[in-house]
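Novice: Provided below for reference: sequence and predicted model.
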Amino acid sequence: MTKFAKAHPDMDFRLMVKKAYDYAMADVPAIKTRDIDSSRISYFSDHFTRQLKAASMVQDYLGLNPKDSRRIEWGGATGGQCIQAGWETVASGRSDVCLVAGFETMSRVETWKGNEFIALASDTNFDYPVGGFYTGYYALMVQRHIYKFLRKTRFAGIKDEKMAQEMATREAMRIMAMVSVKNHMNATANPYSQYPNKLTVDDVLKSEMISYPINRQSICTMSDGAAVLLLASEDVAFKYTDKPVLIKGVGCGTDTMRLADRPHGEVPRFPWEKKSDYENLDYPGVHSFRAGRAAALEAYKHAGIKDPKKELSFVELHDAYASSEIQTYEDIGLCKYGEGYDFVESGQPFLKEIDYKLDLKNKGIIPVNPSGGLIACGHPVGATGIMQGVFAFWELQNSIKKHFGNSTLQIKDAKRGLIHSHAGTGSSVTVSILEAVKHD
Amino acid sequence: MIKKFGKFKDVMKEIKKNGAALYEDPSGTEDLVISSPYQINYIHSYAEDSKFFIELTKGKLFGSKCRKCGYKYGTPRSHCMECGSETDWMELPLKGKVHSWTTCYFGSEEFLKETPFNLVLVEFDGVNTPFLSRLVGAKTEDIYIGMDVKAEFKKTPRYLVSDVYFVPVK
Ligand SMILES: [Zn+2]
């Protein structure tokens, strides 16, 4: 993978992917380009590249012609979907070895133009012209989440409705800031990250307000970057390496493009949840991501996971916003709906060995975004989900030290990791479960 | 003579002015960076959504109602997402409540000059889904979920969904 950066004017998308590809190939010397049967290549936006068939140009540049290839696009979940497309290619028997590669070159337009391109991934009849801005959409969603799950719990006793909502929002902002502190701090040990930083909750809260209540330090940025994975069938994997990682389960979910259309029904429950847990919870509305729940349900079933908190060693999830990280904890069953804020404060998603200068009682139960996540690593859309895959691969290979030059983020005896890629206000989500095969 | 810069910010300024610049990147290599504008005028038909936009110009707000299952859409869909049947147009009340809201201090380039602005999802009594709009005439500190709001319409229509916006009910 390349380091994610604000801009890479010295490399175009082909060279970025080539660098990531050469790094991966050098890491598995037994595998040669001739052994690769196919490729699945992802980037999100033709607006950013302004070069149609850019995936064909990557295929060409890597010298993979005339093999099977295609482009994968799925909004923010482009990278996660590309991994699953590669998995399908191998699992179906069509290929023994499939290259999964992704990139994005967002620096080619200025930030607010880039936001416009991203907002075109909302209904252009009914949503975009109102003020198309993704941070605004996620702010609408978290405001409702705060109302449902903090206003009605911690501030249930406050009679003045407006005051109760203000108090709940301030409380949520403090807790979202804790997530931002965690992810920026984790990234300080990740040399591939774009924005490693030692921040305090106050630093985050003082950062510029972008779309109330989401501020600058709680949002990922635009980036340039590329990442690749090599997928091989179980039959041939051991021919090339004695330390492969198994893709144990995949899941994918969807929801309406327009926020306004999200229905108000029942929660699709995990086996460990009871109907009585969610009496009167209009679901998903705009407060939760039904696509994330559907993706997790499928992936856990496929991987045979019955207790994710126990069976997973870490989670890399799509924290485009600190708010959506909290919402996602609930979708993927790290806690129940409504418990996301408590989950952060308990310390469970924080790494045990890192001092965040926060009072956390129960650190390291299930580390979330040990890499630093999108907030601190950056978000070159087509590469992001694959970056999560590369990070999880290194964690499960126990090779973080080799690739990062330090072992701060190496989770001891990491057995299983979950990667989660998310698009378009939650309109599409992938969850994949990776498992360690052999340890040193 | 093309100018060379060590900072990319300066490169961006220069290409806006003169169309091209050299960037000396940290590795010492020269990258040639040019400005490359792009403009398109799309021919966009609202097609099956057209009535909604036509009615806005008459000061009316329309959702839709499923012919078969009765599901009521605060933002119209011509086919029902619940059962797949066709929907009928349904006039919405001009008064509703804030279902969720935010104030945007930044935005996409197209809307940057309008910031700060408020986005609201408006819910209508007896209607299953809300409607996304702007809330005009209220500051961040005035807005709350459940607040009563009413629709107003732009005097000169632009034939966009933003021809309708909401204001607080005084
Ligand atoms: Zn219906």
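Specialist: Yep, that arrived. Numbers count the residues shown, from 1 in each chain, chains lettered A, B, ... in the order given.

Novice: Show me which residues of stretch A:403-411 are buried.
Specialist: Within stretch A:403-411, the residues that count as buried by 16 or more other CB atoms under 10 Å in any protein chain shown are A:403-404, A:409-411. Every residue, glycine included, has its C-beta placed from N, CA and C.

Novice: Residue 76 - how many residues pack around it?
Specialist: In the absence of a named chain, this looks at chain A. Residue A:76: 29 surrounding residues under other CB atoms under 10 Å in any protein chain shown.

Novice: was after chain B, sorry
Specialist: Neighbours around residue B:76, by other CB under 10 Å: 24.

Novice: Skipping adjacent residues, who's closest to it in space?
Specialist: residue B:64 (4.0 Å; CB to CB, 6 or more residues apart in numbering or on different chains).

Novice: just checking, residue A:194 touches residue A:5?
Specialist: Yes. With contact defined as CB atoms under 8 Å, residue A:194 reaches residue A:5; the gap is 5.9 Å.

Novice: Which one's more surrounded, these two?
Specialist: residue A:194 (24 against 18).

Novice: Flag the shaky bits of the stretch 251-400 of chain A, pLDDT-wise.
Specialist: Judged by pLDDT under 70, the stretch 251-400 of chain A has no weakly predicted residues.

Novice: can you give me the helices in it?
Specialist: Here the stretch 251-400 of chain A has its helices, by DSSP state H, counting those that start in this stretch, at A:290-303, A:308-311, A:322-331, A:340-346, A:373-377, A:381-397, A:400-404.

Novice: Kindly export the longest helix anywhere in chain B (C-alpha atoms) in CSV.
Specialist: Ranked by number of residues, the top helix in chain B under DSSP state H is helix B:8-18. Below are the C-alpha coordinates for helix B:8-18, written out as CSV (Å, rounded to 0.1, in the frame of the first residue of the first chain):
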residue,chain,number,x,y,z
PHE,B,8,2.0,22.6,-3.6
LYS,B,9,-0.3,25.4,-2.4
ASP,B,10,1.7,27.8,-4.4
VAL,B,11,1.5,25.5,-7.4
MET,B,12,-2.3,25.5,-7.1
LYS,B,13,-2.4,29.3,-7.0
GLU,B,14,-0.1,29.6,-10.0
ILE,B,15,-2.0,27.2,-12.2
LYS,B,16,-5.2,29.2,-11.5
LYS,B,17,-3.5,32.3,-12.8
ASN,B,18,-1.2,31.0,-15.6
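
Novice: TSV for the helices of the stretch 251-400 of chain A, including distance to the ion?
Specialist: Output for these, formatted as TSV (distance: least, CB to the ion, whole Å):
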stretch	distance to the ion
helix A:290-303	18
helix A:308-311	35
helix A:322-331	26
helix A:340-346	32
helix A:373-377	37
helix A:381-397	34
helix A:400-404	51
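
Novice: Quickly compare the ones you listed and say which is most buried.
Specialist: Highest mean neighbour count of the helices of the stretch 251-400 of chain A: helix A:373-377, a mean of 31 (counted as mean count of other CB atoms under 10 Å in any protein chain shown).

Novice: what does the longest helix of chain B rub up against?
Specialist: A:7, A:9, A:110, B:3, B:5, B:20-23, B:33-35 (CB atoms under 8 Å, 6 or more residues apart in numbering or on different chains).

Novice: give me that answer again for 7 Å
Specialist: With contact meaning CB atoms under 7 Å, 6 or more residues apart in numbering or on different chains, helix B:8-18 is reached by A:7, A:9, B:3, B:5, B:21, B:23, B:33-35.

Novice: Can you give the distance from that helix to the centre of its chain?
Specialist: Relative to its parent chain, helix B:8-18 has a centroid offset of 30 Å by CA atoms, centre = their mean, to the nearest Å.

Novice: what's the single longest strand in chain B?
Specialist: strand B:95-104 (DSSP state E).

Novice: What is that one packed up against?
Specialist: Strand B:95-104 sits against helix A:134-146, strand A:209-211, strand B:117-123, strand B:148-153, with contacts defined as 3 or more CB pairs under 7 Å, 6 or more residues apart in numbering or on different chains; DSSP states H and E.
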